[in-house]
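Asks: My questions concern the predicted model and sequence given below.
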Amino acid sequence: MTEFYSIFHEPAAPGAGTVDLVASGPDAAARGRAAIEACGFEVGACHDVGATGVDQLSTHPVWIELDRDQGHVLDHWLMAFDAHSEHSRLPATVAMDAALLDPVAALVGPHVELLVAPDAAARAAALGLMVAREGAGRVGDARGSDPAALRRLSEEVQRIAATLSKMSDGGLGEQGAALAATAPAPEGESTAELSAETVRSVIRARRLREDYFPADLFHDPAWDMMLDLLAAEIQQIRVPVSSLCMAAAVPATTALRWIKTLTAKKLFVRRADPHDGRRVFVELSPDASRAMRGYFAKLGPRFAI
């Protein structure tokens, strides 16, 4: 881990490489401060959630470390911060315990990076990228590696979208952001009989591979989540963010990034829970749903795992 951190350890120029810290308590503050300083950045102002108004924040990138649920205090602060950071285009990252995933995901938008139970390496990478977006600090290695990973993520989403589009005789929209899967099912094939059990059987078959081969050989979180949402749609079940992250079979932070990307590609839609302001549901967009059903219709009795 020392070697990993060392790429960020070059001294920052005066006034650069400074990160403000907001924490939910002393332990969280200590953890956040240790991560920031281990990466060679300076801790600017340090604030307590709820005790500091967002108007008191500076223009530095903000690292928010949360280790406990503070109820409405946390809710109100996050909502205010979300509006503030979106308006000011302030780079921000939230590092949180897994129990806080649903309320935090419901209260902040996609412009805020979310980390769930991150290890030291994940914190270092996120800090480096956050400061790089601000144009401060010396994070050459982070600039060189992560954009390639983001490109691979985008390319994988586009590959899945294109495959679904072809299977349903549709196509990507003019902007390449949404599926235009409006073509009817092929003659003689019906999507009406698709059952949740059929979709779930595909999911079980995909998990069964892990009994015989290393699980990391088959990471395909986008497809896993799309299958889970299709089964839930057929069963008329609402899927919160935390449940969808579990379906992805990858670390929650990775799953959240995929959800963000698939939502931006208009394959997923986020819906606020009308009965609980601290939770959002995720579902397939209408175009993605039609494409998935068209895929299963063409597949017939054969299963693609």
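Replies: That came through fine.

Asks: Tell me where the stretch 1-150 of the chain has helices.
Replies: 2-6, 26-38, 72-88, 101-107, 120-134, 140-167 (DSSP state H, counting those that start in this stretch).

Asks: what's the least confident stretch among those?
Replies: Taking the mean pLDDT of each of those, the lowest value is held by helix 2-6, a mean of 37.

Asks: Domain ranges for this protein, per the record?
Replies: 2-138, 147-299 (automatic domain parsing).

Asks: from those domains, which stretch is densest packed?
Replies: Each of the domains of the chain was assessed for mean neighbour count using mean count of other Cβ atoms under 10 Å. The highest is domain 2-138, with a mean of 18. (Each C-beta comes from the backbone N, C-alpha and C, glycine too.)

Asks: what distance separates that domain from the centre of its chain?
Replies: In terms of Cα atoms, centre = their mean, to the nearest Å, the centre of domain 2-138 is set 16 Å apart from its chain centre.

Asks: What helix or strand is the most centrally placed residue in the chain located in?
Replies: Against the mean C-alpha coordinate of the chain, by Cα atoms, centre = their mean, the closest residue is Leu256 at 1.9 Å. Secondary structure from DSSP states H and E places Leu256 in helix 252-264.

Asks: How about Pro118, nearest residue that isn't a chain neighbour?
Replies: Leaving aside its chain neighbours, Pro118 sits nearest to Ala95 (5.4 Å; criterion: Cβ to Cβ, 6 or more residues apart in numbering).

Asks: for Met292, same thing?
Replies: Excluding its sequence neighbours, the residue lying closest to Met292 (Cβ to Cβ, 6+ apart) is Leu230, at 4.8 Å.

Asks: Next up, the contacts around the one you found.
Replies: The neighbours of Leu230, taking Cβ atoms under 8 Å, 6 or more residues apart in numbering as the test, are 199, 284, 289, 292-293.

Asks: give me that answer again for 10 Å
Replies: Contact partners of Leu230, counting by Cβ atoms under 10 Å, 6 or more residues apart in numbering, are 194, 196, 198-200, 202-203, 283-284, 288-289, 291-293, 295-296.

Asks: Helices - which of these land there?
Replies: Among those, the members found in helices (DSSP state H) are 196, 198-200, 202-203, 288-289, 291-293, 295-296.

Asks: of all the residues you listed, which comes closest to Cys46?
Replies: Within the set of those, Ala288 lies nearest Cys46; the separation is 42.9 Å, counting by Cβ to Cβ.

Asks: Got the phi and psi for the residue lying closest to that closest one once chain neighbours are set aside?
Replies: Nearest-residue entry for Ala288: Leu267, 4.4 Å, with adjacent residues in sequence omitted and distances by Cβ to Cβ, 6+ apart. Note on Leu267: its backbone torsions stand at phi -90, psi -30 [degrees, to the nearest 10].
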